[in-house]
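[1] task: produce atomic coordinates for the following.
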Amino acid sequence: HTHTRMVAVSATLPNVQDIAAFLEAPPENTFFFGPEFRPVPLKTIVKGCGRNSNEFFFDKNISNFVPSAIYEHGADKPAIVFCHSKKDTHFLALSLGRKETNGRFLNNSNSVLLRQTASKVSDNGLRNCLHVGTAFHNAGLCQGDRQAIEDLFLTGKLKVLCATSTLAMGINMPAHLVVVKGTRCWRGVHVDLDIGTLTQMMGRAGRPGHDTSGVAVVLTDND
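    Coordinates of the predicted model:
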């Protein structure tokens, strides 16, 4: 119809010009808004963690860099660590909680609430994580467990949440810090994360209405 007007908007779109051409939008009606337009400034840090001659062992090794990223850049505010498998979210959350001995994750201000929530969730692995001050979030949890974890994180009582990319899609969680644990994932073969998914993950840090700044730490290989 000659009078039809269409407005296409995307938060993360790497090929703006291709979409504009498909929609037959002229250059004067095609706009790109870079990071300088972000309402909350985001600092991005990319850290090389060695080389990945063996992808499996490299992925295990990269977990060792997560605690220092949290301690150096977390500012004692909520942090999300993005992993690339449901199993890894559970393993890493439990490992982080067990290694923490200085009360950063579990302390007098949150221990009672975290343990109360632990007594109510149905997933045994999640219960174990909550007892050491961490949690995980993935599609394998039931809706009630996911909601309980989101509520804890929204109130700032949960300091560290390990999650898959499902949490990156449109949920406004108040993370000050996002750590992306590796930029390759297993999809039958090891493949690089696409830039849209990576940008969505990083964009969870420093959310409007929750913070005045954010930090994203991307842990990857030296190359």
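[2] hey, C-alpha coordinates of stretch 144-152 in CSV?
    C-alpha atoms of stretch 144-152 as CSV (Å, rounded to 0.1, in the frame of the first residue of the first chain):
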residue,chain,number,x,y,z
GLY,A,144,9.2,-21.0,39.9
ASP,A,145,12.9,-21.5,40.5
ARG,A,146,13.8,-19.0,37.8
GLN,A,147,11.5,-16.4,39.3
ALA,A,148,12.9,-16.9,42.8
ILE,A,149,16.4,-16.3,41.5
GLU,A,150,15.4,-13.2,39.5
ASP,A,151,13.7,-11.8,42.6
LEU,A,152,16.8,-12.3,44.7
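[3] avg pLDDT for it?
    The predicted model assigns stretch 144-152 a mean pLDDT of 95.
[4] A148: neighbour count?
    21 (other Cβ atoms under 10 Å). Where C-beta positions appear, they are placed from N, C-alpha and C, glycine not excepted.
[5] so which strand or helix has it?
    helix 143-154 (DSSP states H and E).
[6] helix or strand right after that helix?
    strand 160-163.
[7] immediately after that next one, which helix or strand?
    Once strand 160-163 ends, the next helix or strand along the chain (criterion: DSSP H and E) is strand 177-181.
[8] tell me which strands that following strand pairs with, and in which orientation.
    Within its sheet, strand 177-181 is paired with strand 79-82 (parallel), strand 214-220 (parallel), according to DSSP bridges.
[9] mean neighbour count, these: which tops it?
    Burial of the strands paired with strand 177-181 is given as mean neighbour count (mean count of other Cβ atoms under 10 Å); strand 79-82 ranks first at a mean of 27.
[10] let me see the residues that make contact with that one.
    66, 70, 92-93, 96, 159-165, 167-168, 173, 175-181, 201, 204-205 (Cβ atoms under 8 Å, 6 or more residues apart in numbering).
[11] what do you get for stretch 105-124?
    96-97, 100, 126-127, 130-134, 141-142, 144-145, 148, 152, 157-160.
[12] show me the contact partners of the helix holding A148.
    Counting by Cβ under 8 Å, 6+ apart, 78, 113-114, 117, 120-123, 126, 135-137, 141, 158, 161, 171, 173-175 sit against helix 143-154.
[13] now, of these, which are buried?
    78, 114, 117, 121, 123, 126, 135-137, 141, 158, 161, 173-175 (16 or more other Cβ atoms under 10 Å).
[14] which of these sit farthest apart?
    Across those, no pair lies farther apart than D123 and P174, at 23.1 Å, counting by Cβ to Cβ.
[15] K99 - how many residues pack around it?
    Residues lying near K99 (other Cβ under 10 Å) number 12.
[16] would you mind measuring from it to I70?
    According to Cβ to Cβ, to the nearest Å, K99 stands 11 Å off from I70.
[17] ok, which stretches of the protein are helices?
    16-22, 55-62, 66-73, 86-99, 111-118, 124-131, 143-154, 195-202 (DSSP state H).
[18] what are the buried residues along the shortest one?
    Buried residues in helix 16-22, defined by neighbour count with 16+ other Cβ under 10 Å: A20.
[19] restricting to C-alpha, output that helix in PDB.
    C-alpha atoms of helix 16-22 as PDB (Å, rounded to 0.1, in the frame of the first residue of the first chain):
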ATOM      1  CA  VAL A  16      22.000  -2.200   9.400                       C
ATOM      2  CA  GLN A  17      22.700  -1.300   5.700                       C
ATOM      3  CA  ASP A  18      21.500  -4.700   4.500                       C
ATOM      4  CA  ILE A  19      18.200  -4.300   6.400                       C
ATOM      5  CA  ALA A  20      17.800  -0.800   5.100                       C
ATOM      6  CA  ALA A  21      18.300  -2.000   1.500                       C
ATOM      7  CA  PHE A  22      15.800  -4.800   2.000                       C
END
